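1. Pasted the sequence and its predicted model underneath.
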Amino acid sequence: MSRKKSADPELAHQLSRRGMLGVTAGVSAAALLGASAIPAAAQGAQAGHGHGHGHGSGPGKGQPVLTPGRLGVQLYSLRDKVSTLGFAKVFDELERFGYDEIEYAGYTQGSAGAITLPQLKRLARDHGLKGIGSHVNYYDDNNPGAYSFAQNLTKVLDDAQELGLEHIGTASGPFRYGSTVDAWKRAAADFNTYGAAARRRGMKFYQHNHAEEFSFATDRPNVRLYDVLLAETDPNLVYLEMDIYWAFAGQFRFSRTAEGRPAPFDPLEYVLRQPHRYPLFHVKDGIADIAARDGYRMVDVGDGDIDYRRFISAVNKTRDGRRAHHWQVEHDEPVDSLAFARKSAAHLHSLRERR
């Protein structure tokens, strides 16, 4: 169990500081959201950066945005191919597309047959792919035998260690105990426990967000739940994998409190305030659509309006930025998963820094 004390006596102070963002967002975020109803990440697209414009400056016009060796894919995007073709054939394609890393979403391959963890580790290595992380359920309180952090922490960590992973995390939201401040403090305590256990094995525990993490506490409607998570987790034990698409969807959906008060935030500013807490990112794209619930319609990376040249370049400029971060492409429901993986890699490799 982490010895980090609850931040409750100081929570109001922490959440009121500019460094915690929350409802007191920085000037840049207010400017981004105040200009129009268009999602902030898409405003650059109105100047010609989206819908196939590539967000890039073309080959030979500056340093590549993507750090060599840091491009990965979340295998959830390829779950149909993993299940029918198996890891070997999928890894063949990923190697050909120029991927360096993979993030697991389970260690089985359906009709393609059984595979052991040592076999899976060797297979990835043989294709030049490094297992960088894995998504595991946070909890299943109705099933003591569930493969989850809460129910079987030791087994989850054993498997991650056998695969040689540097990170082990969850894409489950911290809603185990509800949506109040105290409920998220309890979830944060769980995460501190998992983070301490992972650290003892030389790994980092992380949580991957969806849009709802940026909603507000039901008992304190001016407090953003994501800020509670940041305040209550030990930064040396609990890390974040920002899903950039879902963070911008959260920006669109939760730019006002339940009471209607303006509460803008900028996902990039969260990262720039504490870049060391974000070793991993999910890169997925969307076309701005204010009629959609999330403000975007998900598309293949490079076909949408999220300016990844701007986002990745900004992260690169942080301390040790080019070496400390990993970029995993993802699409929740790709039309053609292998085509998605190919197009996404080509797009990100094409991006160049502005001179």
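-> Okay, I see it.

2. report the longest helix in this protein, please.
-> helix 181-200 (DSSP state H).

3. Dihedrals phi and psi, Met298?
-> phi -70, psi 130 (degrees, to the nearest 10).

4. Leaving out sequence neighbours, find the closest residue to it.
-> Excluding the flanking residues, the one nearest Met298 by CB to CB, 6 or more residues apart in numbering is Gly286, at 5.1 Å. (C-beta placed from N, C-alpha, C; glycine too.)

5. Leu237 contacts Arg199, doesn't it?
-> Yes: counting by CB atoms under 8 Å, Arg199 is a contact partner of Leu237 at 6.0 Å.

6. quick one, which of these two is more surrounded?
-> The neighbour comparison of Leu237 against Arg199 (other CB atoms under 10 Å) goes to Leu237, with 19 against 16.

7. quick one: the nearest residue to that one once chain neighbours are set aside from Phe205, how far?
-> The shortest distance from Leu237 to any non-neighbouring residue, by CB to CB, 6+ apart, is to Gly195 (3.1 Å). Distance, Gly195 to Phe205, using CB to CB, to the nearest Å: 4 Å.

8. any shared contact partners between the two?
-> Leu237, Val238, Tyr239 (CB atoms under 8 Å, 6 or more residues apart in numbering).

9. quick one, what contacts the second one?
-> For Val238, the contacting residues are Ala188, Phe191, Asn192, Tyr194, Gly195, Phe205, Tyr206, Gln207, Arg277, taking CB under 8 Å, 6+ apart as the criterion.

10. For Lys130, state which of these is nearest.
-> Of all these, Lys130 sits closest to Tyr206, with 16.2 Å by CB to CB.

11. In this structure the closest one contacts His167, no?
-> Yes: using CB under 8 Å, Tyr206 is in contact with His167, at 5.5 Å.

12. hey, what's in contact with both of these two?
-> With CB under 8 Å, 6+ apart as the test, Tyr206 and His167 both reach Gly133, Tyr239, Glu241, Pro279, Leu280.

13. Please work out how many residues are found near the last one.
-> A total of 25 residues lie near Leu280 under the criterion other CB under 10 Å.

14. what pLDDT does it get?
-> pLDDT for Leu280: 98.

15. Give the closest residue to it in space, chain neighbours not counted.
-> Nearest to Leu280 is Glu241, by CB to CB, 6+ apart, at 3.9 Å.

16. could you give the angle of the helix or strand encompassing that neighbour to helix 181-200?
-> Using DSSP states H and E, Glu241 maps to strand 238-243. Interaxial angle, strand 238-243 versus helix 181-200 (axes from the mean of the first three to the mean of the last three CA atoms, to 10 degrees): 100 degrees.
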